[in-house]
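**Student:** Got a predicted structure plus its sequence, pasted below:
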Amino acid sequence: MRPLLTALGLAAAWELLVWLTGVPSYILPPPSRIAAVLADRWDLLLDQALWTGAEMLMGFALGLVLGAALAIVFAASAGWRRWALPLVIASQAVPVIAVAPLLVLWLGYGMASKVVMAALVIFFPVVSSLYDGLRRTDEGWLELAHTMDAPPRAILLQIRLPAALPAFASGARIAAAVAPIGAVIGEWVGASAGLGYLMTQQLARGQTPLAFAALFVLCLLGIGLYAVTDRVLRRLVPWQSFQGD
Amino acid sequence: MRPLLTALGLAAAWELLVWLTGVPSYILPPPSRIAAVLADRWDLLLDQALWTGAEMLMGFALGLVLGAALAIVFAASAGWRRWALPLVIASQAVPVIAVAPLLVLWLGYGMASKVVMAALVIFFPVVSSLYDGLRRTDEGWLELAHTMDAPPRAILLQIRLPAALPAFASGARIAAAVAPIGAVIGEWVGASAGLGYLMTQQLARGQTPLAFAALFVLCLLGIGLYAVTDRVLRRLVPWQSFQGD
Amino acid sequence: QDKVRLLLDWFVNPDHAALVIAKQRGIFTKHGLEVELIAPADPNAPPKLVAAGQAEYAVSYQPTLQMLAAEGLPLVRVGVLVGQPLNSLVALEESTIKTIADFKGRKIGYSVSGFEEAVLGAMLESAGLSLKDVTLVNVNFALTTALMSKQVDGVIGAFRNFELNDLEINKAKGRLWLVEKHGVPTYDELILVAKRETVDVGRTKRLLAAIAEATAWIKANPAEGWALFAKYGKEFDNELNKLAWKDTVPLLADAPASLDRARYEAFATFLTKRGLIKQAPPLDSYLRDIN
Amino acid sequence: MARLVVPSLSVRNARIAFDGHLVAERLSLEIPAERTTCLLGRSGIGKTSLLRYLAGLLPGTTRAAPLAYMAQQDRLLPWLSALDNVLLGYRLRGDEAARRKAEPRARALLAEVGLGDRLNDLPRTLSGGMRQRAALARTLCEDRPVILMDEPFAHLDAVTRLDLQDLAVRLLAGRTAVLVTHDPLEALRVAHEVRILQGAPFTVGPAILPPGAAPRDPADPELLALQARLIGELRGSGPGDLP
Amino acid sequence: MARLVVPSLSVRNARIAFDGHLVAERLSLEIPAERTTCLLGRSGIGKTSLLRYLAGLLPGTTRAAPLAYMAQQDRLLPWLSALDNVLLGYRLRGDEAARRKAEPRARALLAEVGLGDRLNDLPRTLSGGMRQRAALARTLCEDRPVILMDEPFAHLDAVTRLDLQDLAVRLLAGRTAVLVTHDPLEALRVAHEVRILQGAPFTVGPAILPPGAAPRDPADPELLALQARLIGELRGSGPGDLP
Ligand SMILES: Nc1ncnc2c1ncn2[C@@H]1O[C@H](COP(=O)(O)OP(=O)(O)OP(=O)(O)O)[C@@H](O)[C@H]1O
Ligand SMILES: Nc1ncnc2c1ncn2[C@@H]1O[C@H](COP(=O)(O)OP(=O)(O)OP(=O)(O)O)[C@@H](O)[C@H]1O
Ligand SMILES: [Mg+2]
Ligand SMILES: [Mg+2]
């Protein structure tokens, strides 16, 4: 109920904004027009949304796994960290147009190259947050483990990792929110399908309302993934208290 | 010394990769060719790097401020959170091509529109992490403040906020790493200068080595900003112990 | 049946009419080809991928081919889809810009193609101006949007068969300057390229024959052609493509295998003079006459 | 102090439970005003829960009057110096004038608890007992009519403990104080009333009134006799979970 | 136990300092093997630091033998149940067979400290004293030749404390144990040797040997006399920071 009200309120505010600022509708269509397009072309949008949703989910899953694995490796080994951390940071500065041909060359035009590109965007918040969490473990626990003759591996997996789960959750939340744009960026690689493709195609030729309808669906995907992730993540850390709703 | 060794090692690995996979140099130039271009065109690259660097720093600063402010607002007010948090999440799903015309309309082709676009990418990790940190304050401290009749504002600013600084630092680290791509994305909004602009141009002309030289400089900007941010952030939380270097 | 991957230059649009119709009507199959059309998002990637062996053919542009050839990419032109420039300089009719000379001191938007400066420079010089007299802004793909919202005073890189229609749909009228009439040598807008070492002449012949046949059919049945094209994908069935279709059909090359070497010679000279290529590679290194 | 109304605290028909786990039921209790009441009871019986009930920290409870609550953990803020931690209440309430007025008292209190030369040190450089003393100083500096303290001297050595008991008696005079402790002798030294919690769910025993004025002499045979009685009562009163 | 070599601990010419703050210098100390040594000393004098030195937890130190260390804080892992916390050492060392063998002992120990019905509860649902008891069980479950404990009974009521002292005496027999406490009587009840830390930087006084076998009767007049002597020594021996 409440989310619906919020959505309606936001749409009204937007309609008002368009009306007040007099933004032409080929730049920012009013929600009423977007709604009309949504109603009219929902089959097309649904088709593309399925593509993008699939890319998004796969990229998210891959990003989470890859990010968590890398963070653990970094926490475990100073050697790896020294070599690979700069690479991981540098990877975030790489625009898709520079690597798109490379990805196609290695992975073909199919979904794989798109998912990999999406994961490249999505994995970083996870690595960074989790690694951050892993390196600020409570000293007391580490001392305890140390006096227990725990091997570093066990300390990492049984103490530092669970202790860093809230940090992981933080990173995963960011990852969930950027997953849709990751998928859209991925759509630049390889063959054309998906909401990002539809948007680019429509915008390039002035079909703004349809493009914004696609954008709206994309935003819904993002908010949905975030909401689900947020729920699941809270379960992940039952010993942690949360303020707010 | 050590970073230099790392860099050399990585370059060697890359050269080997290019050599082994036989990737054509118009798709992935070997570091030796990029180095040659770097040496040859450093003045051009420096010019563009200054632009992008400026956008990046301004976007980063704006992103940090905006992100921190929003997180605090969200933590302070359930009302704002309910309305604006979905918007903030949705904002991360918006590709630059959809908002570029709007930004240009409102801010013109100057630096402002690029910085705003960059900030839009950069601010999210900060909001999300900090807000996450703000909502998992130690219950004991909250109880203490409660028995002390602290007004919610004071609790937020004097207890929850300092306690969430490590979370803020986590977000800021991610923000620092994505700042360069933020700037490049910003350059999509009608640029005529900058590394991203240069890259697009050179890739279109088949001048891949120069494009990758620009990419290399961009990565350096990213790693530099990350390193500096990381240092500064550790100072920010002197009471927190850090494992690892 | 030969399996062939053909990379389009961009998203599917009426410029690709012959390819789409040949596929839809089974003309490729008739010529013993099983063609997969792949639309990328980045117009610059296809020729590189062809050079790297990731596809047999790509749709590209003459100037792009010549620049890439100068950079040493092993590409050859094997055919043509649109044998004349589509590129043009456009301003709003309602604006004060009536001649190219009126652009002095104005902003011109473009979408990176790699040679916009060369084309625009030549056009401006034909009117006594130079690139220094205007401000160039990369507006990426939002050419008409930038123009209509008056963020720029003109755009270069607008396709004559598209952007005017786009303006029209949005209730604006454009004024158009054709590049080839204002100091730019004429060239082939859309061509087919293949990898130099691996061109299969026989197969290419069949491909071009199929395209020629499709083109002929389209020109004979434009309305039916549109209906077929609109069925290729839900996203292609829109007002703009419908209008553009009408303007594009007459421009399709009747003889895709034809080759005008002089055109390439002249344009190479132009690119060299404009500083986009240092040294023009020999024509034979990147042109392959399939006939 | 004079300006504050010092209330008594009363619990009426209270129920304390944590998801299914019942700690107290139909509990009624009167804590007299301007007196120090010590609570004794086996570990895990519900002393902390009762204190939190009185402090209005349990869901559905409110507190009766402004109070200072010293928890079982020190709860020092790691980013504030000892002095700033002691002044935390004043900083949080944002009354700059009050804070300035309280500062000399905070310094004096820290000196009295033996941290006069550690004013500017961060908590992480303090020993466990020092942290507890800082928390004690923070609680006493709050200058509230009601003061609730949960094992405030647990980490202090025997001598320091005696000194700080004296300090507490002095500063708690005229306030309504509830003090949880595990040391019967400590309870007998400082309290006007001692109460024993027993059983699960717990009930609160009748008030035991040690003779004379606090702080009492721990070697007083009457006190020692009372101590033996208290220990005896505790022994037979576990929450049922000790063998 | 028999299989383990139980070593004595020795400190030779040690120096303990925290950025400039000198805690001990030229410290030499012999802790006898298979004996329980109790350390007494004013709050902040350096007991924890000495224990950490012995545990090899201070920079530049190493420990002499496998040991179990119970810190002043309980250090329970919040995501593990009480039982899993007690078995933490075995889980960490990854020896599944040993863990399975230790589990019945862990359960028994938890029952002995009164947590027999809280095996599967998370630490956050336990009271402060319960947490301390769980930490005690964890330390004793480790089955090490050397055991270091920092105020292990601080949060326990008088009765539970006596019971657990008995438990500790029983389980520490044959091991080298060092136990920091603030309660002189507790030290006298359980220790073979009691040592007092005094001064800043601290020195360690001569070993005081309570008569008879532990656990001793706390009402024994000889013990009470010794207690008075210890308190006297403590009183004159602050780290110089108490007024
Ligand atoms: N990490 C640290 N940084 C700086 N100073 C420290 C640190 N740890 C301990 N100290 C100082 O060393 C001294 C001894 O501390 P320690 O914790 O050993 O005392 P203690 O005898 O255990 O006291 P308590 O009985 O209060 O636990 C104290 O003055 C303390 O402030
Ligand atoms: N948050 C909680 N969730 C579940 N159970 C709880 C919670 N807090 C306390 N309890 C339970 O309530 C009972 C009373 O706990 P409480 O902390 O009040 O004991 P206490 O008398 O203060 O013990 P101690 O002397 O050990 O501090 C215990 O059985 C404890 O496990
Ligand atoms: Mg308690
Ligand atoms: Mg200590």
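**Tutor:** That came through, no problem. As the structure is a computational prediction, the values presented were derived from the model and not from experiment. Residues are numbered from 1 along each chain as shown, chains lettered A, B, ... in the order given. Ligands and ions are numbered 1, 2, ... in the order given.
**Student:** what residues does the stretch 151-291 of chain C put near ligand 3?
**Tutor:** Contacts of the stretch 151-291 of chain C with ligand 3, taken as Cβ under 5 Å from the ion, are absent. Heads up, the C-betas are built off the backbone N, CA and C, glycines and all.
**Student:** Which single residue in the stretch 151-291 of chain C comes nearest to chain D?
**Tutor:** C:Gln151 (48.8 Å; Cβ to the nearest Cβ).
**Student:** got any ranges where the chain has weak pLDDT?
**Tutor:** Let's take chain A. By pLDDT under 70, the weakly predicted segments of chain A are A:1, A:244-245.
**Student:** Correction: the question concerned chain D.
**Tutor:** In chain D, residues with pLDDT under 70: D:1-4, D:237-243.
**Student:** if you set the cut-off to 80 instead, what comes out?
**Tutor:** D:1-4, D:20, D:236-243 (pLDDT under 80).
**Student:** just the stretch 101-250 of chain C next, same as before
**Tutor:** C:113, C:140-141.
**Student:** For whichever residue of it sits closest to ligand 3, identify the helix or strand it belongs to.
**Tutor:** The stretch 101-250 of chain C approaches ligand 3 most closely through C:Asn140 (65.2 Å), counting by Cβ to the ion. Using DSSP states H and E, C:Asn140 is not contained in any helix or strand.
**Student:** what does the one 4 residues further on give?
**Tutor:** Element membership for C:Thr144 (DSSP H and E) is helix C:143-148.
**Student:** and the next element down the chain from that helix?
**Tutor:** Next along from helix C:143-148, by DSSP H and E: strand C:154-159.
**Student:** wait, doesn't C:Glu116 sit right on C:Ala158?
**Tutor:** No - assessed by Cβ atoms under 8 Å, C:Glu116 is found out of contact with C:Ala158, at 11.0 Å.
**Student:** When the two are compared, which one has more neighbours?
**Tutor:** Set side by side, C:Glu116 and C:Ala158 show more neighbours around C:Ala158, with 27 against 22, by other Cβ atoms under 10 Å in any protein chain shown.
**Student:** Not counting sequence-adjacent ones, nearest residue to the more buried one?
**Tutor:** Using Cβ to Cβ, 6 or more residues apart in numbering or on different chains and skipping residues adjacent in sequence, the residue nearest C:Ala158 is C:Val90, 4.3 Å away.
**Student:** Phi, psi for that neighbour please.
**Tutor:** C:Val90 has phi and psi values of phi -130, psi 140 when expressed as degrees, to the nearest 10.
**Student:** And it, how far from E:Arg195?
**Tutor:** Noted for C:Val90: a distance of 94 Å to E:Arg195, by Cβ to Cβ, to the nearest Å.
**Student:** Name the residue in these two with the higher neighbour count.
**Tutor:** C:Val90 (25 against 20).
**Student:** Determine the three-state secondary structure at residue 197.
**Tutor:** Since no chain was named, I'll use chain A. helix (DSSP: H, G, I helix; E, B strand; the rest coil).
**Student:** Oops, wrong one, chain D.
**Tutor:** strand.
**Student:** Which residue comes closest to it once chain neighbours are left out?
**Tutor:** D:Gly41 (3.3 Å).
**Student:** Enumerate every residue touching the one you found.
**Tutor:** If a contact means Cβ atoms under 8 Å, 6 or more residues apart in numbering or on different chains, then D:Gly41 has D:Lys47, D:Ile196, D:Leu197, D:Gln198, D:Phe202, D:Leu234, D:Ser237, E:Asp157 as its contacts.
**Student:** Report all helices and strands that the longest helix seen in chain D contacts.
**Tutor:** When chain D is parsed with DSSP state H, its longest helix is helix D:96-112. If contacts are counted by 3 or more Cβ pairs under 8 Å, 6 or more residues apart in numbering or on different chains; DSSP states H and E, helix D:96-112 sits against helix D:82-86, helix D:88-93, helix D:128-141.
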